[in-house]
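1. sequence first, predicted model second:
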Amino acid sequence: MTTASLPRPRSAGPVLALMVNAFVWGVSWWPFRHLQAMGLHPLWATAQIYVLSALAIIAWRPGSLRQLLRHRALWLIFLASGATNATFNWAVSIGDVVRVVLLFYLMPLWSLLLARVILKERLTPSSVARVAMALAGAALVLSHGEPSAGGAGHRAAILPDVLALLGGFAFALNNVMLKRESAQPEEGRALAMFFGGAVVAGVTATLLSTGGAAGVGWPVGLDQWLLPGLGLAIAFMMSNLCLQYGAARLSAAVTAVVMPCEVLFAALTSVWWGGAMLHPAVLVGGALILAATLASVLEKH
């Protein structure tokens, strides 16, 4: 079965699934920062989260490992998902939350371009208009943000921005490949995503640890960070399952419009939990993003 033969969704279920994924990612900065304060670098935390998730998938569907080894296309999902999680989780732990999320959500532009190249999807005026609306909202929220330079120098100041841009491109590639490989069994795609998150983050953390940039490994005080880490693992496992459910049933253009709801979730929680100031531009930009999301749902129906 090809992606073109997939039935059109008759309910808002796929869109709601993507919004659940966006919510988890939008508020994830808070627990990652708390774990970092305990001494657990976000890359090590990401590796822990996805090791547990991958083991759960293998225990639930042992054949998923065989599927991953057999299908080369799943390894591109492996790399894209791993790069997405490693870069995003690291960026929101060290940078301005709203700015990082917004740079990450230049993703709709990458999604449209990748969908055109990989999926041969036609760019329609309505899809371009909705993505433009979402990006205009993102630009408004970004207009009041400033990169946090601190005293670590220019390289440290721009690191969150670079990580966010790389993560957005990787996430767009992940979504497009999920659409392309939607005929593959769901457990195989899920294992590719979770195993990729564990390996890419773990390998990156190991390489950085040689220079002391990511610590030397797991910090002391296992009882303090293990339980929050397990909670994060469960939340991310559910959110990634929601992502592959929704992304496999919607066009890449619709996925690119729905997912920026994470911008709104991140902006609001950074105000409520992080003490950030909510600029009027955030309200207007969030309204544009939600309007674009609503437009995509109405067009599907």
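-> Cool, got the structure. Residues are numbered from 1 along each chain as shown.

2. now Ile77: phi and psi?
-> phi -60, psi -40 (degrees, to the nearest 10).

3. and the closest residue to it other than its chain neighbours, what pLDDT?
-> In space, Ile77 comes closest to Ala192 once its chain neighbours are excluded; the distance is 4.3 Å by C-beta to C-beta, 6 or more residues apart in numbering. From N, CA and C alone the C-beta is placed, and that goes for glycine too. On pLDDT, Ala192 comes in at 90.

4. my read: Ala192 touches Phe78, true?
-> Yes - between Ala192 and Phe78 there is a contact at 4.5 Å, judged by C-beta atoms under 8 Å.

5. identify each buried residue in the helix or strand where the residue nearest to Ile77 lies, please.
-> If you go by DSSP states H and E, Ala192 is part of helix 186-209. For helix 186-209, a neighbour-count test (16 or more other C-beta atoms under 10 Å) marks 187-202, 204-205, 208-209 as buried.

6. what count of nearby residues applies to Gly39?
-> For Gly39, the count of nearby residues is 14 (other C-beta atoms under 10 Å).

7. for it, give its distance to Ala170.
-> Distance, Gly39 to Ala170, using C-beta to C-beta, to the nearest Å: 27 Å.

8. do the same with Val203
-> 15 Å.

9. what's the closest non-adjacent residue to Asn85?
-> Closest to Asn85 by C-beta to C-beta, 6+ apart is Gly197, at 4.2 Å.

10. now do the contacts for that neighbour.
-> For Gly197, the contact set (C-beta atoms under 8 Å, 6 or more residues apart in numbering) comprises Thr46, Ala47, Ile49, Tyr50, Ser53, Ala54, Ser81, Gly82, Thr84, Asn85, Ala86, Phe236.

11. return the set of buried residues in stretch 280-296.
-> Buried residues in stretch 280-296, counted by 16+ other C-beta under 10 Å: Ala281, Val282, Gly285, Gly286, Leu288, Ile289, Leu290, Ala292, Thr293, Ala295, Ser296.

12. turn the residues you listed into CSV, columns for pLDDT and secondary structure.
-> Converted to CSV, these look like this (pLDDT from 0 to 100; DSSP: H, G, I helix; E, B strand; the rest coil):
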residue, pLDDT, secondary structure
Ala281, 79, helix
Val282, 72, helix
Gly285, 80, helix
Gly286, 76, helix
Leu288, 83, helix
Ile289, 77, helix
Leu290, 70, helix
Ala292, 76, helix
Thr293, 67, helix
Ala295, 74, helix
Ser296, 65, helix
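
13. tell me who's in contact with Trp25.
-> Per C-beta under 8 Å, 6+ apart, neighbours of Trp25: Phe88, Ser239, Glu262, Phe265.

14. show me the contacts for the last one.
-> Going back to what we said before, that points to Phe265. Counted by C-beta under 8 Å, 6+ apart, Phe265 has contacts Ala22, Phe23, Trp25, Gly26, Val27.

15. these two touch, right, the last one and Ala266?
-> Put plainly, it is Val27. Yes - at 7.3 Å, Val27 and Ala266 qualify as touching, with contact defined as C-beta under 8 Å.
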